[in-house]
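>>> prediction below, plus the sequence it came from.
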Amino acid sequence: MNHKRVSIVMVGLVLLSLVLSGCQSGNPFPLSEPGTYDFGIHLSHDVVDATRVDRKISVQVWYPAVLPDGATPSDGNYDYEPDSSGAPYPLILCSAKAGRTFGPHLASHGFVVAGVNEQDSHNLWGPWLIDYPLDILAALNYIASAPLKDLEGMIDAENAGVMGYSFDGYTSLALSGARVDPGFYLSQCASAATMMPALPAWWISYVRDMTGGWDAFVAHAGPAITTSDDGLWQPMTDERIRAVMPMAPEGAWLFGERGLAAVDRPTLIIGAAADEINIYDVEAAYIYEHLGTPDKAMISFVGQGHLMIFNADPVARMKHFAVAFFGEHLQGRANYADYYSKRFVERRANLAWGVYQGE
């Protein structure tokens, strides 16, 4: 008897039971309920990227775990025994900031989540637009190169996804296969002040006034990224990244229509239809409409602004959609596509399928 196969089947049946029970209990977003696993946390794995002058990063990891008797899951430092009953688990990559919001929940549904520390927002665009995606790739290479201590056999690094919110949304978008279009970016910057409808001056400054200037940004990216025959920069991605989920993302001016057309893997965009920071029409809507991948979806949160990430209800919805999207594409759960489908979304309050057109 193949005990591993039996174990996987049993876990699947339990998860299905959980989904059904969520529906029966009246929860319209059943995958926002915790999954069948408890979770543990490794706070710091130190990584050195030898390809970038020995750049140092550290990574937090959330994983399915077995809790000791009397223990209670929390977001603290709990180095619990890994639960290998359904291993290996697909890998989700993000910033540690996003990981603290989504990592415990995704781990409970059978994923390992790796979050890179010290990825945070900035007052202006700048070198971090290059550093953050490459840091994610460094984390992926580190995890794939050798088993993490105490997590041997737990992680399927060949089957990875990336997710992120706001500036993290840019990072996940950059790892989707999108390519920087310098000509588009510079032309948008040149005409920004005269665009109609008018854009906020602070937003124009944020995306246009690159820290250190454009030439320094190009130099920081380096010729391996900036050199091409078609005017677009090389993509910052990896074939092991199978699906991406940018939420309230930014980056449209950096990629433009041509750069977004290069996206070549399943992508789920979450948009805040009243986003006043990463302006919805300029960012999320434009990004979605120009993605090249045929396997794309967008769910707009009607009436929600950029700070919905601090509101429990939209966060629960995003958790549901993350489990559904990555469950389909990384765990092979074809039925999970129903849980973020057009039919599903249109039957839920305050959501719109695709770009929200208003009342």
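That came through fine. Numbering: from 1, shown residues only.

>>> and the helix or strand that contains A190, what does it pack onto?
A190 is part of helix 182-191 when elements are defined by DSSP states H and E. Contact analysis of helix 182-191 by 3 or more C-beta pairs under 8 Å, 6 or more residues apart in numbering; DSSP states H and E lists helix 252-261 as its packing neighbours. Where you see a C-beta, it was placed from the backbone N, CA and C, and this is true even at glycine.

>>> relative to helix 182-191, how tilted is the helix it packs on?
150 degrees (axes from the mean of the first three to the mean of the last three C-alpha atoms, to 10 degrees).

>>> neighbours of S187, how many?
Counted with other C-beta atoms under 10 Å, the neighbours of S187 add up to 13.

>>> so what's it scoring on pLDDT?
As predicted, S187 sits at a pLDDT of 98.

>>> what do you get for D69?
Looking at D69, the pLDDT reads 78.

>>> could you verify that it is part of a helix?
No: D69 sits outside any helix when classified using DSSP: H, G, I helix; E, B strand; the rest coil, being coil.

>>> where does the stretch 51-200 of the chain have low pLDDT?
72-77 (pLDDT under 70).

>>> which residues in it form strands?
55-66, 81-82, 89-95, 112-116, 155-165 (DSSP state E, counting those that start in this stretch).

>>> okay, buried residues for the helix holding A190 please.
P182, F184, Y185, Q188, C189 (16 or more other C-beta atoms under 10 Å).

>>> nearest residue to the last one in space, please, no chain neighbours.
In this structure, C189 finds its nearest non-sequential neighbour in R208, 4.4 Å apart by C-beta to C-beta, 6 or more residues apart in numbering.

>>> what about the residue nearest the centre of the chain, distance to I241?
Closest residue to the average C-alpha location of the chain: M163 at 0.6 Å, with C-alpha atoms, centre = their mean. Note on M163: its distance to I241, by C-beta to C-beta, to the nearest Å, is 11 Å.

>>> next, show the common contact partners of those two.
L93 (C-beta atoms under 8 Å, 6 or more residues apart in numbering).

>>> what about V207, which helix or strand?
With DSSP H and E as criterion, V207 is part of helix 201-208.

>>> so what does the helix or strand following that helix touch, helix or strand wise?
Using DSSP H and E, the helix or strand that follows helix 201-208 in sequence is helix 214-221. Other elements packing on helix 214-221 under the criterion 3+ C-beta pairs under 8 Å, 6+ apart are helix 128-145.
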